[in-house]
Structure formats: structure tokens, C-alpha cells
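>>> Pasting the sequence and the predicted model now:
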Amino acid sequence: MFPSLAHLDRYYNEGTRAYSDQSAYTEAQTQFQPNSATPCFDLTLFALDCEQVHTYTANPDPALLDFYMPGDNKILFCIHPQVLQTLDNDAYLRIVKNYGTRLQPLCVEPSSSTRTLYVKHSGLPPHAAKVHFPFKVSRYSRKMRDEVIEQAINVSHELEQSIPSLDTQFAFLREVIGVSIKKTALHDETVKTREQWGYLIREMTPFPPCPGKQKFLIPGFALYGTQTFNPEKKPLLLDLIDTCSPSQYLLDNIMFPIIRHWIECFLQLGYMLEPHGQNILLEVSDTGHIQRIVHRDLSVGIDMRRRRDRGISSDTCNMYNRMESGEFLSITYDMFMGHHFFEPLIQCAQHYFPDLKLMDFQASCKEYFVDFFPEHDLYMPKTIYYFSSKRDQFNKPLYKNTGKKPTWRP
Ligand SMILES: Nc1ncnc2c1ncn2[C@@H]1O[C@H](COP(=O)(O)OP(=O)(O)OP(=O)(O)O)[C@@H](O)[C@H]1O
Ligand SMILES: [Mg+2]
């Protein structure tokens, strides 16, 4: 009834990267870009000795564990072909090339984020490899540093344990195996400080499992994105709305659940989900009904103020993305969710239902937000924050106060 997630990710995404002056930028070679016509490409695979790598796990499916960590003192290591071809001076790449054993590559397809790759391997559960890709795509160079990998696995583990206390319409893609090269694998002392990198494995079956009838996964942007090979085709959103009231449909099935999940994850765990159109997947039944919202990408900001207020231990978190103030809360809620996702979604609906008013959606969402998060003033800034064009010493974009009043919350 709906195309596969890989197809939607790749070919239902034209025209959606218009939300910032950086969003259309990519340094990925054409054949590795998601909307290329290349059906798949080879992901290079090496076997390394266990002593050369850090490994992290969060309850992976045993078949994936057996494949990526096969025993016999070996661990598999995935490298994007663009890295292999162009990063000759990378000390860690040299380690892998000099000491690793090259194996048969994996056949992969790029997802919408470019550096996360769907692995096409029969006999293994559906999964993706999120790999080191130190080239700029949109605002960031897409590295997979050791601390980022470890933290994603920590977050996946904690989120999995928290499922019983979260909304029944909440699901996520677990990030279950992480591997990075150890600094001690470098024999040359002069390069010891370089960033260790690696990859992680994401299971593509939403968690918690929900057996039964066939379900489809639709990325948020695919609701309003133009189709690469069929640009005249009406947006998928119209098929989903079908004969329902468009405003009620959008609010009840998409916007309210996402707001609820964003608030719940913040209140319970201090996590800042990033619900833009690429990180949100709709789980849809074969009759076209939205069942759950599936969140992907666990590299979330972590608000330490909230974790202290809740009295939850942070011993299992490393230092990556720990935050002590609310700017990034505004970036994720006001900008990623409101501006980057909800606004183009509504704009698309308005094209077919001209009576819809952005302000009405915003008024309903504001009310909903306050009901679920009455103490929002304690954590969230009074104005909207976004990325500044300035960068810090690690080349991470700084935040700036836009001075504007929020529109998706009071
Ligand atoms: N409609 C869209 N909205 C937001 N990002 C999009 C969209 N379409 C494609 N993208 C791409 O998806 C990525 C979003 O960044 P984000 O940090 O969420 O993902 P990631 O960490 O690189 O990968 P993943 O989501 O696979 O974990 C960027 O590379 C961006 O260019
Ligand atoms: Mg993402």
C-alpha cells in the first residue's frame, strides 16, 4: 500500500530542505546522496581485533550481535566508501587498513540523513549502520565520535527501560551496537589526541515490538515532500487525511502526539528529542491509519537540570550533549518541530484546504503544551533560540537568541 521506508526516505524528499540557509548543502558525492538513482553501494567492512576497539551494546538482537561481534577475538568495522577514498591522512583509517582484515562489503542504501545506511543483508533483522562521515551535510560535519556513539547506546538503553512509563503511541528505533577505534590502537604518540571514531547499528523494527498486521513507516517529510521521479503527484498527506477533517487529523494524529512525546521525554529523562521531519516516522497500518509515532536518532541533548530535579542518576551518561540551560530546548521544540516540520506540513495542507489557518493550529498546540507541561517556565527560555553563524573552538555552531516570541508554546 505504501512504498518502503528506504524508498520514501530517498525519493519523497524533494523541496523539503528549505528551512534554513544551510539545509540544502551537502558534501556527499553524488552516488552517495539519498536521492541518487544508485540502487545501492558497497559499505566497506573490516575485521579488527577486539583489543583495538571500544564496543557498546544495548540489548541487540542476538543475530545482529553474532554478525557484528562474531567472536574469535574479532569485531566488524564499517567504513563509508567516501571516507576510504578521500581520507588518506586519517590516523585511525590507517590503523584499520594496516591491521584489519578486509571482508566482503555490505550492500547498503542511503537513508535521508545520508550517513545512516540501510543494510540489505538477508538473514539479519532490518537494521541500519550510522557511520562516520566527516563531510558537511546541512549545518554539521557528520562525524561519529566515540563519545557520541557511547551516548547513543546509553540513551537507547535508558529509553528502552522507560517504555512502561511512556505513552502507548510512543515508539523509537533502538541503537544497539556501537564500535569505535581505541586511541591506544595508534602507535604514533603524536596523533593520540585525534578524535576516535566508529559506527553504530540501529535496529529498524520500532520498539516496543507491536506484532500483528503489516505496518508501514513514513518519514514526516514524505507527507509533503515532492517525489523525485513523479513530481506532479499529489502529496502523501492527502492520502492519509482521506475524508477526515484536515485540521483535526493533523492535530490528533501527528502534532499532539509529537508534542506529548517531546514533553514526556523531557520531563521523565531530561531528553530533548529533535522532532523535525527527518527524525519522525509515522507507523501506519495497512488501512492507512497512524498507529504510533516512531522517533529515530538518539543523539539527543540531555538537560541535567531536569534530571537532578527528577532525582534520576546520570551515572550511565557520559559528558556528551549535557546541558545546563534551556536554549536547546527552544531549538528543538520551536525550530526543529514547529518551524522545520509543522509549518511546511500545514503549508502543504493549506494548498488543498485553503481555509486552514496556521494561527489556529498554533493556538491549539499552545493550549495542549501548557496542559502537559505547566512548569515549562522553569526550563524553557521566553524567546526563540536558533543556531548562530558563529562556531565554538570545536567548530560546533553557537546558539543565538532571535528575540522572537514563541508561536508553538506560550
Ligand atoms: N526534511 C528534512 N528535515 C530535516 N533534515 C532532513 C530533511 N531531509 C533530509 N534531512 C537530512 O537529515 C539530517 C538531519 O540531521 P540529524 O542530525 O537529525 O540526523 P543524523 O544524526 O545525521 O542521522 P539519523 O537521523 O539517521 O540519525 C541532515 O543530514 C539533513 O540534511
Ligand atoms: Mg536525524
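Great, that's in hand. Ligands and ions are numbered 1, 2, ... in the order given.
>>> Any residues of the stretch 51-200 of the chain in contact with ligand 2? List them.
Ser113 (CB under 5 Å from the ion). Bear in mind the C-beta positions are built from the backbone N, C-alpha and C, glycine included.
>>> Please identify the residues of the stretch 51-200 of the chain in proximity to ligand 1?
By the rule CB under 6 Å from any ligand atom, the part of the stretch 51-200 of the chain lying against ligand 1 is Ser111, Ser112, Ser113, Thr114, Arg115, Thr116, Lys130, Val137, Ser138, Arg142.
>>> ok, now which ones touch the fifth one?
Applying CB atoms under 8 Å, 6 or more residues apart in numbering, we find Arg115 in contact with His80, Lys130, Val131, His132, Phe133, Val137, Arg142, Met144.
>>> For those residues, please prepare JSON lines with the additional fields secondary structure.
Shown next, in JSON lines, are the contacts of Arg115 (DSSP: H, G, I helix; E, B strand; the rest coil):
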{"residue": "His80", "secondary structure": "coil"}
{"residue": "Lys130", "secondary structure": "strand"}
{"residue": "Val131", "secondary structure": "strand"}
{"residue": "His132", "secondary structure": "coil"}
{"residue": "Phe133", "secondary structure": "strand"}
{"residue": "Val137", "secondary structure": "strand"}
{"residue": "Arg142", "secondary structure": "strand"}
{"residue": "Met144", "secondary structure": "coil"}
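>>> of these, closest to ligand 1?
Closest approach to ligand 1 among the contacts of Arg115 (CB to the nearest ligand atom): Val137, at 4.1 Å.
>>> for that closest one, what are its contacts?
Tyr25, Thr26, Glu27, Ala28, Ser113, Thr114, Arg115.
>>> The residue nearest to Asp242 when sequence neighbours are not counted and Ala28, how far apart?
Ranked by CB to CB, 6 or more residues apart in numbering and with sequence neighbours excluded, the top spatial neighbour of Asp242 is Gly288, at 6.7 Å. When distance is defined by CB to CB, to the nearest Å, Gly288 is 33 Å away from Ala28.
>>> Between the two, which is the more surrounded one?
Neighbour tally, Gly288 and Ala28, criterion other CB atoms under 10 Å: the higher count belongs to Ala28, 19 against 13.
>>> SS state for the residue nearest to Ala58 when sequence neighbours are not counted?
Using CB to CB, 6+ apart and skipping the chain neighbours, the partner closest in space to Ala58 is His157 (3.9 Å). Assigned with three-state DSSP, His157 falls in the helix class.
>>> before we move on, back to that, got a winner among the contacts of Val137 for most neighbours?
Busiest of those [other CB under 10 Å] is Arg115, holding 23 neighbours.
>>> beta partners for the closest residue to that residue other than its chain neighbours?
Excluding the flanking residues, the one nearest Arg115 by CB to CB, 6+ apart is Phe133, at 3.7 Å. Judged by DSSP bridges, the bridge partners of Phe133 are Arg142.
>>> Let's have the contacts of Val137 in TSV, adding secondary structure.
Shown next, in TSV, are the contacts of Val137 (three-state DSSP):
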residue	secondary structure
Tyr25	coil
Thr26	strand
Glu27	coil
Ala28	coil
Ser113	coil
Thr114	coil
Arg115	coil
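>>> now these in CSV, with pLDDT?
Formatted as CSV, these follow (pLDDT from 0 to 100):
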residue, pLDDT
Tyr25, 95
Thr26, 97
Glu27, 97
Ala28, 98
Ser113, 98
Thr114, 98
Arg115, 98
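>>> Including distance to Val148, could those go into CSV?
As requested, the contacts of Val137 are exported to CSV (distance: CB to CB, whole Å):
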residue, distance to Val148
Tyr25, 21
Thr26, 20
Glu27, 19
Ala28, 19
Ser113, 14
Thr114, 16
Arg115, 12
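>>> Nearest to Ile95 among those?
Arg115 (20.8 Å; CB to CB).
>>> where are the low-confidence patches of the stretch 1-150 of the chain?
For the stretch 1-150 of the chain, applying pLDDT under 70 flags no range at all.
>>> how about the helices in it?
Remark: helices assigned in the stretch 1-150 of the chain by DSSP state H, counting those that start in this stretch are 5-11, 62-68, 81-86, 91-99, 146-162.
>>> what do you get for the stretch 301-410 of the chain?
Using DSSP H, counting those that start in this stretch, helices in the stretch 301-410 of the chain cover 304-310, 327-330, 343-352, 358-372.
>>> tell me the most buried of these?
helix 327-330 (a mean of 22; mean count of other CB atoms under 10 Å).
>>> Quick one: residues contacting the residue nearest to Arg115.
Ala28, His80, Gln82, Val83, Thr114, Arg115, Arg142, Lys143, Met144.
>>> Could you report the separation of the fifth one from Gln278?
Put plainly, it is Thr114. 10 Å.
>>> Is Ala24 in contact with Gly15, as I believe?
No. Counting by CB atoms under 8 Å, Ala24 stays clear of Gly15, with 9.7 Å between them.
>>> Pull up the distance across stretch 376-388, start to finish.
Chord length of stretch 376-388, first to last residue, is 24 Å (CA to CA, to the nearest Å).
>>> Could I get the average pLDDT for that stretch?
For stretch 376-388, mean pLDDT rounds to 97.
>>> how many neighbours does Thr55 have?
Neighbour number of Thr55 under other CB under 10 Å is 16.
>>> residue contacts, the spatially most central residue of the chain?
Centroid-nearest residue in the chain: Asp297, 2.5 Å away (criterion: CA atoms, centre = their mean). With contacts defined as CB under 8 Å, 6+ apart, the neighbours of Asp297 are Ser113, Glu274, Gln278, Asn279.
>>> now do Arg310
Leu267, Gln268, Gly270.
>>> does the last one really touch Arg306, like I thought?
Put plainly, it is Gly270. Yes. Under the criterion of CB under 8 Å, Gly270 makes contact with Arg306 at 3.8 Å.
>>> can you give me the strands for the stretch 251-400 of the chain?
Using DSSP state E, counting those that start in this stretch, the strands of the stretch 251-400 of the chain run over 271-272, 280-285, 290-295, 301-303, 322-323, 385-391, 397-401.
>>> Including distance to ligand 2 and mean neighbour count, could the ones you listed go into TSV?
Conversion of those to TSV gives the following (distance: least, CB to the ion, whole Å; neighbours: other CB atoms under 10 Å):
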stretch	distance to ligand 2	mean neighbour count
strand 271-272	13	24
strand 280-285	9	22
strand 290-295	10	21
strand 301-303	13	22
strand 322-323	18	16
strand 385-391	16	14
strand 397-401	16	14
